[in-house]
Structure formats: C-alpha cells, structure tokens
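Q: Predicted structure and sequence below. I'll ask about it afterward.
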Amino acid sequence: MEATAKSLMGGPSAYCISTGQLKSAYHLANEDPHSSPRIQGEIERLEDALTRNERAALAFVLIERLRDSHQ
C-alpha cells in the first residue's frame with residue numbers, strides 16, 4: 001500500500017522570517033567561505049534523499065527546534 005503525499009503548503013501562517021534573516025541565511029549558505037560548501041553539500045544530499053514534502057517537513061521541524069532552543 002502506497003502512502004499518499006500530503007501537502008505542507010497552505011493554511012494560516014506559523015512563522016514570520018524577516019528579509020534580513022533570509023538575506024543572512026542566503027549569505028551563509030551561498031557566500032561564506034567556510035559554511036557555504038558544508039551547507040550546499042547537505043542541501044544536495046537531502047535533495048537526493050528526501051521527497052519535496054519530506055524536505056519541507058524537515059525545514060519546519062528545524063525552524064521549530066531553533067525557535068525553541070535557548071542557545
């Protein structure tokens with residue numbers, strides 16, 4: 001029996017990410033000489049291993065864990 005994919009899009013908004021946060025994230029992921037290769041490698045690995053919905057679920061869970069962490 002094959003599981004039906006569930007869309008993670010739509011519904012009320014749960015998080016607000018500022019353009020400054022997004023800009024910093026893109027810089028770290030695409031331009032930082034130390035972090036960019038590591039982040040890009042993980043993105044490539046995850047995109048090969050997980051479906052689109054699985055990647056979305058992972059992103060949401062990571063954001064929630066970061067939001068809840070006090071470090």
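A: The structure has been received and is ready for your questions.
Q: contacts, neighbours, all on C-alpha from now
A: Fine.
Q: Low-confidence stretches in this structure?
A: Applying pLDDT under 70 to the chain flags residues 1-10, 13-14, 70-71.
Q: Sketch out the helices for it, chain order is fine.
A: Applying DSSP state H to the chain gives helices spanning 19-30, 35-49, 52-68.
Q: Give me the angle between the first one and helix 35-49.
A: Helix 19-30 and helix 35-49 are oriented at 90 degrees to each other (axes from the mean of the first three to the mean of the last three CA atoms, to 10 degrees).
Q: still on that earlier bit, can you redo the helices of the chain as CSV with mean neighbour count?
A: Output for the helices of the chain, formatted as CSV (neighbours: other CA atoms under 10 Å):
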stretch, mean neighbour count
helix 19-30, 13
helix 35-49, 13
helix 52-68, 13
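Q: of all these, which lies closest to Gly11?
A: Across these, Gly11 has its closest neighbour in helix 52-68 (14.1 Å, CA to CA).
Q: any idea how far Ser24 is from the most centrally placed residue in the chain?
A: What sits nearest the mean C-alpha location of the chain, by CA atoms, centre = their mean, is Ala59, with 3.3 Å. From Ala59 across to Ser24, the span is 17 Å (CA to CA, to the nearest Å).
Q: before we move on, what about Leu62?
A: For Leu62, the distance to Ser24 equals 17 Å [CA to CA].
Q: hmm, back to that, can you lay out the helices of the chain as CSV showing distance to Gly11?
A: As requested, these are exported to CSV (distance: least, CA to CA, whole Å):
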stretch, distance to Gly11
helix 19-30, 21
helix 35-49, 25
helix 52-68, 14
